[in-house]
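Asker: How does the following fold in three dimensions:
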Amino acid sequence: MMSRAKDNAIAFVVFSRQNRVASFGYRIWAMRTSFYIKNRDVDLPVKVSIHGPDPDPRNRPGFKFAVDGVKTLHHESTAWRFEDGARPGWFLGADAAPGVKHLVRIRFPWSTFEPGSPSGDQPTMSKSVGQHLLLSAPDPLKAADVDVYLSDTGKPYWPDEEQARIDNAIMGPLTNDAGQILTAVATHRSLWRDVATEELAELSRGHTGPLGRIIAVNGDETGFLWMREVIAPNTMLRPYDADELHQATHIPPRQGT
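Answerer: Numbering: from 1, shown residues only. The predicted structure is shown next:
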C-alpha cells in the first residue's frame, strides 16, 4: 500500500538557538515516481527534481536542477551560481555505493549564523510533513551539511549508519512509486580547504550594500550538486535576463537512457 503523503515528506531547518538565526527551510518529498527538494516558507526558485523510472516512456529518469517560478527572480531571492558552475539542467550524481547515488550536499557555513545575520523564517511545523528536523548550527570554522542519497537496491542507505543513528542525524527514508528510496544525513564538517566557500566570501568583499541570505549552486567534479547558503551583499546578484530566464525555467527533456 502506498504511504500517505505526509509520511513521504521531510522538512528541516538549521537553527542557532544562541543567536536566534535560522537557515532557509527545506522540504524533501516523494510524488509518484519522483522526489523533489525545494525551499520551504520562502518562495525561492531553487528546485531539485529526482525522477525515477516511469511507466510513461516520455518521462526519462534523471536528476535536474532548475529555477521554479518567475515571480521571485530578483536581487533578494535568486539563486547565484559560479560562472563555471551548475547551470540549470541535468546532472549525474556521484556513486556512493553499489546501486546508490550521492545527489546533493546542502551546506550551511558557521558564518551564516553569526549575530545579526539575515535569518530565514523561524522554524514552523506543517501537518503535511511527516518528519520535522531542527538541526543545530555548526561551531566556528565548521559547516552543517545535509547529504542526500538515492538507493535503487530496495534498502535505504546512510553512510556510517551506526554512527549517524547515535548522532540522531538520520533523515528519511522516503519511497517513490518506482521503489526507489531517498535518504539524507546531517553532518558537521570542517571548512578547511573548502575552496568554493572561501571564493564566495572573497567575492562578497568586493560588493557593498545590505546583506542577504542567498543560495549558491555549483557542481562537484564527482557529479553531485552543491547548494550553499551564503550571507553576502545583494549587489553581488543580478536578475536573470530574458534568455537566461527561458533556459532556467524550460529544461529540455533528458536524452538517452
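Asker: all helices of the stretch 101-250 of the chain, in order?
Answerer: 161-166, 195-204, 242-249 (DSSP state H, counting those that start in this stretch).
Asker: Worst mean pLDDT among those?
Answerer: For the helices of the stretch 101-250 of the chain, mean pLDDT drops lowest on helix 242-249, to a mean of 57.
Asker: For the stretch 101-250 of the chain, just list every one of the strands.
Answerer: With strands called from DSSP state E, counting those that start in this stretch, the stretch 101-250 of the chain shows them at 131-136, 142-151, 170-175, 181-190, 211-219, 225-233.
Asker: could these go into TSV alongside mean pLDDT and mean neighbour count?
Answerer: All C-beta atoms are positioned from the backbone trio N, CA, C, and that covers glycine. Below are the strands of the stretch 101-250 of the chain laid out as TSV (pLDDT from 0 to 100; neighbours: other CB atoms under 10 Å):
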stretch	mean pLDDT	mean neighbour count
strand 131-136	90	16
strand 142-151	97	23
strand 170-175	95	21
strand 181-190	96	20
strand 211-219	83	20
strand 225-233	87	22
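Asker: Please identify which of those strands is closest to V67.
Answerer: Of all the strands of the stretch 101-250 of the chain, strand 211-219 sits nearest to V67, with 10.1 Å by CB to CB.
Asker: Just want the angle from the closest one to strand 225-233.
Answerer: Angle between the axes of strand 211-219 and strand 225-233 is 150 degrees (criterion: axes from the mean of the first three to the mean of the last three CA atoms, to 10 degrees).
Asker: residues touching the residue nearest the centre of the chain, list them.
Answerer: With distances taken as CA atoms, centre = their mean, I106 lies nearest the centre of the chain, 4.7 Å away. For I106, the residues meeting the contact criterion (CB atoms under 8 Å, 6 or more residues apart in numbering) are 26, 145-146, 148, 227-229.
Asker: cutoff 7 Å now
Answerer: Applying CB atoms under 7 Å, 6 or more residues apart in numbering, one finds that I106 lies in contact with 26, 145-146, 227.
Asker: Determine which two of these are furthest apart.
Answerer: The widest separation within the contacts of I106 (CB to CB) is 12.6 Å, between Y26 and D145.
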